[in-house]
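K.L.:
Attaching a predicted model along with its sequence, questions to come.
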Amino acid sequence: MLKIALIGYGQMGKLIEQIAQNNDCEIVAIIDPLLGNEITTKTITDADVCIEFSTPDAAFGNIKKLIELGKNVVSGTTGWYDKLDKIKLMVEKKGTGFIYGSNFSIGMNLFFSIIKSTAKLMNYAEEYDLYGLEMHHKKKKDSPSGTAKVLSEIILKNIDRKTLAKYEKLNRKIEKNEFHFASVRSGYIPGMHSISFDSESDTIELKHTARNRNGLAMGTIKAAKWINDKTGFYNFTNKLNEIIG
């Protein structure tokens with residue numbers, strides 16, 4: 001049975017705790033400032049893998065501490081990726097295992113592949129313009145989401161006529177090379193992401209809608225089992241076939 005320490009006890013941490021036991025995992029520690037504890041050798045000593053779902057401001061510090069303590073880590077927090085290179089160097093120096101992702105849902109990662117394949121086809125159909133839209137619950141702390149940024153990167157890499165992603169409100173005419181990805185935060189929406197291709201004749205829309213966060217939690221558990229006996233720095237999407245195989 002895999003022993004897991006949860007770093008962050010928000011909605012995702014609580015959901016992972018709920019499903020862990022039915023997936024051959026045991027939660028041996030829960031670390032969260034609201035619980036009055038912190039990451040130390042003592043608090044995480046029994047964990048095989050640490051799952052980090054905290055906040056963008058806290059993620060880098062949490063991961064740094066975990067790596068320094070020699071623990072393998074799964075990180076699902078987004079909004080801190082400007083420091084990924086620093087984490088990679090720490091992982092290589094310490095000889096631990098680290099895997100991160102903007103979205104651990106198996107369905108969303110399959111959606112990434114669908115968007116990539118579609119974008120390659122639509123690259124030749126210049127009569128189509130395109131845009132993105134995402135919707136999340138009101139408690140989400142980053143906008144755009146990490147998932148929106150990944151989808152935008154896929155578009156920019158595969159659509160030659162789009163070279164720049166714009167996420168903010170535009171008080172002007174959009175340029176031909178710009179890809180606009182809008183974000184909405186409201187209510188209790190688990191998550192919706194869509195990419196649309198629009199021409200004078202028709203619209204092609206590809207959309208992923210999460211019914212709940214169960215898919216995220218299950219993907220995270222699978223990632224934790226996969227990284228348990230490994231060293232190195234990994235992206236969840238790039239290793240999807242191995243993780244679900």
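P.N.:
Thanks, I have it.
K.L.:
counting contacts, what elements does whichever strand or helix holds S117 pack onto?
P.N.:
Assigned by DSSP states H and E, S117 belongs to helix 106-122. For helix 106-122, the packing partners by 3 or more C-beta pairs under 8 Å, 6 or more residues apart in numbering; DSSP states H and E come out as helix 146-158, strand 192-198, strand 203-209, helix 214-227, helix 240-244. For the C-beta atoms, the positions are set from N, CA and C on the backbone; glycine is no exception.
K.L.:
the inter-axis angle of that helix versus strand 203-209?
P.N.:
160 degrees (axes from the mean of the first three to the mean of the last three C-alpha atoms, to 10 degrees).
K.L.:
Show the subsequent helix or strand relative to helix 106-122.
P.N.:
Next element after helix 106-122 (DSSP H and E): strand 129-136.
K.L.:
Averaged pLDDT, that next one. What do you get?
P.N.:
Per-residue pLDDT values over strand 129-136 give a mean of 97.
K.L.:
Can you give me the distance of Y234 to G219?
P.N.:
As judged by C-beta to C-beta, to the nearest Å, Y234 and G219 stand 14 Å apart.
K.L.:
Check I189 too.
P.N.:
I189 is 19 Å from G219, where distance means C-beta to C-beta.
K.L.:
So between the two, which is more surrounded?
P.N.:
Legend: neighbour count by other C-beta atoms under 10 Å for I189 and G219, higher for G219 (24 against 16).
K.L.:
Just give the nearest non-adjacent residue to F179, would you?
P.N.:
Distances taken as C-beta to C-beta, 6 or more residues apart in numbering put K162 closest to F179, at 4.3 Å, once the chain neighbours are dropped.
K.L.:
same deal with T209?
P.N.:
Setting aside the residues directly before and after it, T209 is nearest to M192 in space (C-beta to C-beta, 6+ apart), at 4.7 Å.
K.L.:
List the contacts of D46.
P.N.:
K3, A5, V28, A29 (C-beta atoms under 8 Å, 6 or more residues apart in numbering).
K.L.:
In JSON lines: these, plus neighbour count.
P.N.:
Formatted as JSON lines, those follow (neighbours: other C-beta atoms under 10 Å):
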{"residue": "K3", "neighbour count": "17"}
{"residue": "A5", "neighbour count": "23"}
{"residue": "V28", "neighbour count": "16"}
{"residue": "A29", "neighbour count": "18"}
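K.L.:
Among those, which lie within strands?
P.N.:
K3, A5, V28, A29 (DSSP state E).
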